[in-house]
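Colleague: sequence and computational prediction follow.
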Amino acid sequence: MKQCMDTENLHRRLKKIIGQLNAIDRMIEEDIPCEQILMQVNASKSALHKVGHIIVEGHLEHCVKQAMEEDDVDEALVDISSILEYYSRL
């Protein structure tokens, strides 16, 4: 089976998010104004949401597409439903 996602891109993004979270932790420790902390929290949330979006795209492009090419439409539909359910929880 093909790789479902661009792992290098995802690792790079996740490392950046980890850095953002560490910065937020330092900001709290340094008593930085709440508005500035919340801006960084929102930026981290958006970045994490984008990671989820990339994973969904990769899954649809590779895994679901492969199931459809193999004429396993039922499996593809179950797969799509499952991934959308997980992603909508974010």
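Modeller: Thanks, I have the structure now.
Colleague: going by C-alpha atoms from here, please, whenever you check contacts or count neighbours.
Modeller: Will do.
Colleague: residue 60: neighbour count?
Modeller: The local packing of residue 60 (other Cα atoms under 10 Å) involves 19 other residues.
Colleague: show me the contacts for the residue nearest the centre of the chain.
Modeller: Taking Cα atoms, centre = their mean, the centroid of the chain lies closest to residue 52, which sits 1.9 Å from it. For residue 52, the contacting residues are residue 87, by Cα atoms under 8 Å, 6 or more residues apart in numbering.
Colleague: show me where this structure has helices.
Modeller: 7-29, 34-58, 65-69, 73-88 (DSSP state H).
Colleague: can I get the last one as CSV, trimmed to CA atoms?
Modeller: Pointing back at helix 73-88 there. Extracted C-alpha coordinates of helix 73-88, given in CSV (Å, rounded to 0.1, in the frame of the first residue of the first chain):
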residue,chain,number,x,y,z
VAL,A,73,-16.7,1.1,-3.2
ASP,A,74,-18.3,-0.1,0.1
GLU,A,75,-14.9,0.0,1.8
ALA,A,76,-14.1,3.4,0.4
LEU,A,77,-17.5,4.8,1.7
VAL,A,78,-16.9,3.3,5.1
ASP,A,79,-13.4,4.8,5.1
ILE,A,80,-14.6,8.2,4.1
SER,A,81,-17.3,8.2,6.7
SER,A,82,-14.9,7.1,9.4
ILE,A,83,-12.2,9.7,8.6
LEU,A,84,-14.8,12.5,8.4
GLU,A,85,-16.2,11.5,11.8
TYR,A,86,-12.8,11.7,13.4
TYR,A,87,-11.8,14.9,11.7
SER,A,88,-15.1,16.6,12.6
